[in-house]
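In: Quick one: sequence plus predicted model below, questions after.
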Amino acid sequence: MSGGNSQFADEGRIEVKLLGGLQVRVGGTSLGPKDLGGCKPRQVLEILVLHRGTPVSKDRLIDLIWGEAAPPEALPTLESYISILRRRIQPGRSKTGPLRTVTSGYVMQRELLELDLDRFDQLIEQAQQAGAAQAYPLLLQALAIASEPLLADEPTASWAEIERQSQAARVGWALTAAARAATELGKADDGVQLARKALGSDRLDEGAWCALLTALQSAGRHAEALHSYEQCRQMFIDELGCAPGPALQQLHSELLQGAADSDGGLSDLLSALLYLHAHTAPAGPSTPPPAAPVPAQDAAVENIQPLREASRVLSNLLKQAQVVLQTQLQA
């Protein structure tokens with residue numbers, strides 16, 4: 001939160017921070033969760049701030065704060081909470097501060113509120129309209145603001161958990177977008193870290209998996225990318241009952257081809273598998289029409305050497321596997 005100043009205070013505006021824990025700044029005075037009259041007045045303020053610009057009825061506030069356990073005196077108690085909040089957050093401005101009374105309820109005036117969530121959303125919106133070079137620093141600023149969970153002071157309130165989930169989804173999107181931007185700017189290792197953070201909050205996010213595989217591919221980490229795809233594929237099958245979508249499958253094919261084009265034993269194995277797959281896969285509706293026919297003898301000569309090479313690579317792999325197996329059995 002920025003420092004307080006007299007002009008800000010004279011306008012009747014307040015600063016509120018909801019990410020991490022509730023903090024309110026009125027002029028040069030900072031108010032924490034314990035300075036707002038207790039747990040329930042604090043929750044009333046948090047709810048009104050979350051609904052900034054939109055009136056919340058007294059009945060709705062009572063339902064959110066107490067649920068089915070609302071006492072008979074819930075309405076006058078709620079009204080007393082509002083009086084406490086007004087004295088704390090808009091001293092001397094009970095009628096002109098950001099907390100206003102409307103028909104059957106209350107509203108927090110958006111134009112008199114400076115909120116960390118709004119700043120986060122503004123940065124995301126700017127990033128969405130910019131290219132990678134401009135979007136990347138904007139996304140990093142947004143992620144720095146949202147480095148702590150929303151409403152940390154409300155770990156058990158159901159209404160707070162709904163808001164946390166919504167905010168977590170927005171942060172996940174920002175992490176994935178930042179990962180893509182970093183990779184596009186040649187910062188592939190940063191892209192890997194950002195994509196992994198996105199998957200930490202939602203491990204079934206296909207966009208985050210695509211960002212991770214793309215970053216690993218860009219960094220030349222083909223084996224790690226292939227392993228990550230297999231983790232993703234197995235997770236989707238186990239938890240969703242389906243394989244990854246077309247975008248991830250296309251990335252997987254590109255990774256296989258990229259690894260096959262590189263040097264080393266892995267590339268030899270993948271080249272052999274890709275070749276055999278291409279020549280044993282059944283024809284389907286999308287199979288391209290055959291090329292012009294070639295004489296049988298020429299075709300045999302053309303195909304025999306790749307088949308021999310594929311057979312050699314796979315035979316060597318099987319021999320190595322047998323050696324490892326025998327070693328394990330004798331251990």
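Out: That came through, no problem. Source: prediction; values computed, not measured.
In: Outline the domain layout of this protein.
Out: Residue ranges for the domains of the chain, per automatic domain parsing: 7-114, 130-262.
In: Present these as TSV; the columns should include distance to Ile124 and mean neighbour count.
Out: In short, each C-beta sits where N, CA and C put it, glycine included. Compiled in TSV, the domains of the chain are given as follows (distance: least, Cβ to Cβ, whole Å; neighbours: other Cβ atoms under 10 Å):
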stretch	distance to Ile124	mean neighbour count
domain 7-114	14	16
domain 130-262	5	18
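In: was I right about Gly191 contacting Ala211?
Out: Yes. Contact criterion Cβ atoms under 8 Å: Gly191 and Ala211 qualify, at 6.7 Å.
In: what pLDDT does Thr327 get?
Out: Listed pLDDT for Thr327 reads 74.
In: One more: Ser201?
Out: For Ser201, pLDDT reads 88.
In: thinking again about what came up before, so which of the domains of the chain gets nearest Phe120?
Out: Phe120 lies closest, by Cβ to Cβ, to one member of those: domain 130-262, at 4.9 Å.
In: what about that closest one, distance to the chain center?
Out: Mean-position distance between domain 130-262 and its chain equals 7 Å (Cα atoms, centre = their mean, to the nearest Å).
In: coming back round to it: in CSV: the domains of the chain, plus distance to Thr327.
Out: Putting these into CSV (distance: least, Cβ to Cβ, whole Å) gives the following:
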stretch, distance to Thr327
domain 7-114, 54
domain 130-262, 23
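In: May I ask which helix or strand encompasses Val192?
Out: Per DSSP states H and E: Val192 is located in helix 188-201.
In: what's that helix packed up against?
Out: Here helix 188-201 touches helix 158-184, helix 206-218, going by 3 or more Cβ pairs under 8 Å, 6 or more residues apart in numbering; DSSP states H and E.
In: quick revisit: to Leu123, which of the domains of the chain lies closest?
Out: For Leu123, the closest of the domains of the chain is domain 130-262, at 3.9 Å, according to Cβ to Cβ.
In: circling back: figure out which of the domains of the chain is closest to Gln330.
Out: Comparing these under Cβ to Cβ, the one sitting nearest is domain 130-262, at 28.8 Å.
In: so after whichever strand or helix holds Cys232, what's the next helix or strand?
Out: Here Cys232, judged by DSSP H and E, is contained in helix 222-240. Next helix or strand after helix 222-240 toward the C-terminus (DSSP H and E): helix 246-261.
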